[in-house]
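Visitor: quick one: sequence and predicted model below, then my questions.
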Amino acid sequence: MRQSILIVDDEKHTREGIAAALEHTYEVFSAPGADEAARMMDSQRFDVVLTDLRIAGKDGMSVIDKALSLPKKPVCIMMTAYGSVDTAVEAMKRGAADFLTKPVNLRQLELVIARALKARSTEEENRSLHAQNAQLKKKLKEKTPDGFIGKSRALEQVIERVKQVAPSRANILITGETGTGKELIARMVHENSPRAQKPFVPVHCGAIPSGLLESELFGHEKGAFTGALEKRVGRFEAADGGTLFLDEVGEIAPEVQVKLLRFLETREFERLGSIKPIKVDVRLVCATHRDLTEMVRHGTFREDLFYRLNVVGVFLPPLREHAEDIPLLLGHYLKRFAQENDFPVPRLSSDALAALQAYAWPGNVRELRNFCENLVVTRPGETVQVSQLETRFAPAAASRAPMRLGLDRQENEKRLLREALVQSKGNRTKAAALTGLSRRTLHRKLLQWPELDQLGKDR
């Protein structure tokens, strides 16, 4: 549909001349005076109002005032044979987009109208985008996704980061240990972005054999390789307009890294067995528990690809670094799984809760969820005592119950390690898992305390 222009001038030959010059591009209407122009603006909408300053009856300034009082304001351009700085300034103050002197240069008029319409379109788009972003941020502020329960500062910082980046188009790299909830963050970004109504397509790169991953991502044509009996649409095409989430992106083979890099540079790819480029609009969100900077250093991950994926980084801290959220998470998941199974909610004694909060949770929130589901099914409605917890929580429980306030932090840590070594029968790998320490850190601490070192057998 063509844009419409209202020409207001009491000189008939001027109206007709301008109309003839513009009617090949616009839907043109005309009025000989301000009153007729006002009636026309009340009955229909115009994109542009082009008015002479000196017209019969009211002057052109009243036409501009009328036009700019409408709910959908048209672009207003003033014409006058009495050009002066004062007149131009007054017209601009009223809201005119531009000012031309008569006789009007028709080529210049066309350029002025096109420029003014483009500026208005850009302004409207910016207002719309600003309003949309404001709405998305408001929605995000009111919503905390399932799995992100807690009030710790560490968690607040993650949510604030997502609020900041979700409305943008930037690629995002989410890092953190296994089980911290990286896919939840990716979904949170998608659901609070302008792409929320389009597909969210997750791909676990580590779960797909490297020889099949390229076909899974980019698709293939029939006969592209042995076993390709029909054409396959890849995940990139399936995610067109939406978000593609590549989990464990550090597992991608070098040859697929090259093709992924090319897509990020051109926004195009070819299916296997085809040379026809396919262009899609996809936002890429990736995640990994691996140290990609270390992989870049060792040459197993492309440096140029890393920087393109890591436009914005989001780090998810392990649960042990925001242990103050553990009671809230336990309460949330015990209630949730009880409702799902129609079982009464188990309760935790104060000692049991203290032991669970002291536990390192090496599997992070995923491990805690599984623990809660197990407790709901095996001990529905019971009050669980510390002695009834699984053996993996024993070192944490032992370090809590008999601990004396007089012991300093180092003595408490030694006691925890001693209990872990006893529980694991000297197996350092198991002791490290029980305490949440890396095996290297555990080894260093055992060298520091020789009396414990003899308990640990190097297995």
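Guide: Perfect, thanks for sending it. Numbering: from 1, shown residues only.

Visitor: low-confidence ranges, the stretch 101-250 of the chain, go.
Guide: 125-148, 228 (pLDDT under 70).

Visitor: need the next SSE after the helix or strand encompassing Gly211, C-terminal direction.
Guide: With elements taken from DSSP states H and E, the one containing Gly211 is helix 210-218. Counting by DSSP H and E, the element after helix 210-218 in chain order, helix or strand, is helix 235-238.

Visitor: if I pick Pro318, what's in contact with it?
Guide: Contacts for Pro318 (C-beta atoms under 8 Å, 6 or more residues apart in numbering) come out as Gly176, Glu177, Thr180, Trp361, Asn364. For every residue, glycine as well, the C-beta is placed using N, CA and C.

Visitor: repeat for Arg267
Guide: Arg267 neighbours (C-beta under 8 Å, 6+ apart): Lys279, Val280, Asp281, Val282.

Visitor: which one (most neighbours) among those?
Guide: Val282 (24 neighbours; other C-beta atoms under 10 Å).

Visitor: let's have the contacts of Arg267 in JSON lines, adding pLDDT.
Guide: What follows is the contacts of Arg267, written out as JSON lines (pLDDT from 0 to 100):
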{"residue": "Lys279", "pLDDT": "92"}
{"residue": "Val280", "pLDDT": "92"}
{"residue": "Asp281", "pLDDT": "93"}
{"residue": "Val282", "pLDDT": "94"}
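
Visitor: to what extent is Lys73 buried, counted in neighbours?
Guide: Lys73 has 13 neighbouring residues, counting by other C-beta under 10 Å.

Visitor: for my notes, confirm Leu244 occurs in a helix.
Guide: No - assigned with DSSP: H, G, I helix; E, B strand; the rest coil, Leu244 falls outside any helix and is strand.

Visitor: now do the contacts for it.
Guide: Applying C-beta under 8 Å, 6+ apart, one finds that Leu244 lies in contact with Val201, Val203, Arg235, Phe236, Val282, Arg283, Leu284, Val285.

Visitor: what about the residues you listed, which are in helices?
Guide: In helices, defined here by DSSP state H, the members of these are Arg235, Phe236.

Visitor: out of the contacts of Leu244, which one sits closest to Leu213?
Guide: Within these, the smallest distance to Leu213 is 8.3 Å, found for Val203 (C-beta to C-beta).

Visitor: ok so, going back, show me what the helix holding Gly211 is packed against.
Guide: Judged by 3 or more C-beta pairs under 8 Å, 6 or more residues apart in numbering; DSSP states H and E, the packing partners of helix 210-218 are helix 235-238, helix 254-266.

Visitor: now those as TSV including distance to Ala21 and mean neighbour count?
Guide: Shown next, in TSV, are the helices and strands packed on helix 210-218 (distance: least, C-beta to C-beta, whole Å; neighbours: other C-beta atoms under 10 Å):
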stretch	distance to Ala21	mean neighbour count
helix 235-238	47	19
helix 254-266	42	15
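
Visitor: check which helices and strands the helix or strand hosting Leu446 sits against.
Guide: Assignment of secondary structure by DSSP H and E places Leu446 within helix 439-448. Contacts defined by 3+ C-beta pairs under 8 Å, 6+ apart place helix 439-448 against helix 409-423, helix 428-435, helix 450-453.

Visitor: tell me the most buried of these?
Guide: Highest mean neighbour count among the helices and strands packed on helix 439-448 (mean count of other C-beta atoms under 10 Å): helix 428-435, with a mean of 21.

Visitor: any idea of the pLDDT on the nearest residue to Leu260 once chain neighbours are set aside?
Guide: Ranked by C-beta to C-beta, 6 or more residues apart in numbering and with sequence neighbours excluded, the top spatial neighbour of Leu260 is Leu305, at 6.4 Å. With respect to pLDDT, Leu305 scores 93.

Visitor: re the thing from before, is it possible to get JSON lines of the contacts of Pro318 that adds distance to Gln197 and secondary structure?
Guide: Shown next, in JSON lines, are the contacts of Pro318 (distance: C-beta to C-beta, whole Å; DSSP: H, G, I helix; E, B strand; the rest coil):
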{"residue": "Gly176", "distance to Gln197": "28", "secondary structure": "strand"}
{"residue": "Glu177", "distance to Gln197": "32", "secondary structure": "coil"}
{"residue": "Thr180", "distance to Gln197": "28", "secondary structure": "coil"}
{"residue": "Trp361", "distance to Gln197": "36", "secondary structure": "coil"}
{"residue": "Asn364", "distance to Gln197": "31", "secondary structure": "helix"}
